[in-house]
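Student: Mind looking at a prediction? Sequence and model below.
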Amino acid sequence: MPNPYILRAVSEAWTKESSANKRVLDLSCGGGATAQMLNDRGFRTVATEYHCPPFLGDSIQRVGGVNLNESLPFKDECADGVNLVEAIEHVEHQAQLIREMARVVKTNGMIVISTPNVLNVFSRLRFLFTGFLRGRVRPLHYSFTPAMAHNIYLIHFYELYYLLFHAGFELEELRKTQVKFASRFFVPFVYPMMWICSLFAVIQPEKDPIQRKINWRILGYLLHPALLLSDNIVVKARKKGPSKETR
């Protein structure tokens with residue numbers, strides 16, 4: 001059973017998209033809670049897993065043997081949406097996976113991705129003093145190989161935003177999940193310095209006006225409450241049409 005805070009945030013991200021005529025792929029569905037949630041919202045749900053997805057009722061199609069490091073076994077533009085919950089941090093070839101998600105989702109289709117938030121305030125302070133981030137707070141046990149290791153490929157929000165941008169997605173919203181006391185406690189103390197340091201590091205050195213505009217947008221996200229406070233983030237993005245202007 002996934003974290004209830006994550007499940008709720010992901011469910012809310014899909015709320016406005018619900019339709020019995022829409023097909024959604026739930027990649028690496030785990031125990032099936034997310035696939036069941038999508039099915040309950042009226043989507044034609046396809047649940048995938050590396051081995052075999054659990055039986056979740058006759059209305060949910062199951063596809064086993066899906067390795068997210070390889071090409072997805074689906075046709076181009078076959079789905080109205082793709083759901084990826086707490087999985088991308090386990091995937092070695094993340095750029096390829098995002099491109100594959102763009103390939104299988106229709107124009108104006110939506111994807112929802114959740115992952116540990118390495119940018120919350122407490123995670124940043126943890127890294128300062130220990131060198132480890134939220135989601136990987138101590139060295140991995142070396143009995144696990146990179147193919148099996150837990151959260152070995154943690155992804156920074158900026159990196160995810162970059163991959164989505166170049167795969168043709170437009171970010172629509174960020175959602176927070178669980179907010180713990182430590183992050184709430186430290187934000188008032190560090191936020192002013194974070195803003196000033198970010199201004200001089202991210203905005204001031206950039207001379208290209210187009211890139212500077214993008215940097216302002218990224219800075220806005222980096223100082224968003226979901227990124228500053230939440231243990232995990234939920235990113236909702238939509239595949240742009242060919243005639244839509246680049247952001």
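Tutor: Here it is on my side, so go on.

Student: Can you tell me the strand partners of the top strand by length along the chain and which way each runs?
Tutor: What stands out as the longest strand in the chain, according to DSSP state E, is strand 105-116. Using DSSP bridges, strand 105-116 pairs in its sheet with strand 79-85 (parallel), strand 232-239 (antiparallel).

Student: And the residue of the chain most remote from its centre, which helix or strand is it part of?
Tutor: Distance from the centre of the chain peaks at Lys207, with 30.2 Å (Cα atoms, centre = their mean). Using DSSP states H and E, Lys207 sits within no helix or strand.

Student: Same check on the one 5 residues further on?
Tutor: With elements delineated by DSSP H and E, Arg212 resides in helix 209-222, which encompasses its position.

Student: Could you give me the buried positions within the following helix or strand past that helix?
Tutor: Remark: after helix 209-222, the chain's next helix or strand is helix 225-229, criterion DSSP H and E. Residues of helix 225-229 classed as buried by neighbour count (16 or more other Cβ atoms under 10 Å): Ala226, Leu227, Leu228, Leu229. From N, CA and C alone the C-beta is placed, and that goes for glycine too.

Student: Let me know the pLDDT of the last one.
Tutor: Right, the one you point to is Leu229. pLDDT, Leu229: 97.

Student: what stretches of this structure score poorly on pLDDT?
Tutor: Residues of the chain that meet the criterion pLDDT under 70 lie in 1, 243-247.

Student: now the helices for it?
Tutor: Taking DSSP state H as the test, the helices found in the chain are 4-14, 33-40, 94-104, 121-130, 157-166, 181-198, 209-222, 225-229.

Student: contacts for the shortest one?
Tutor: What that stands for is helix 225-229. For helix 225-229, contacts defined as Cβ atoms under 8 Å, 6 or more residues apart in numbering pick out 117, 119-121, 157, 174-176, 179, 183-184, 187, 191, 221, 233-234.
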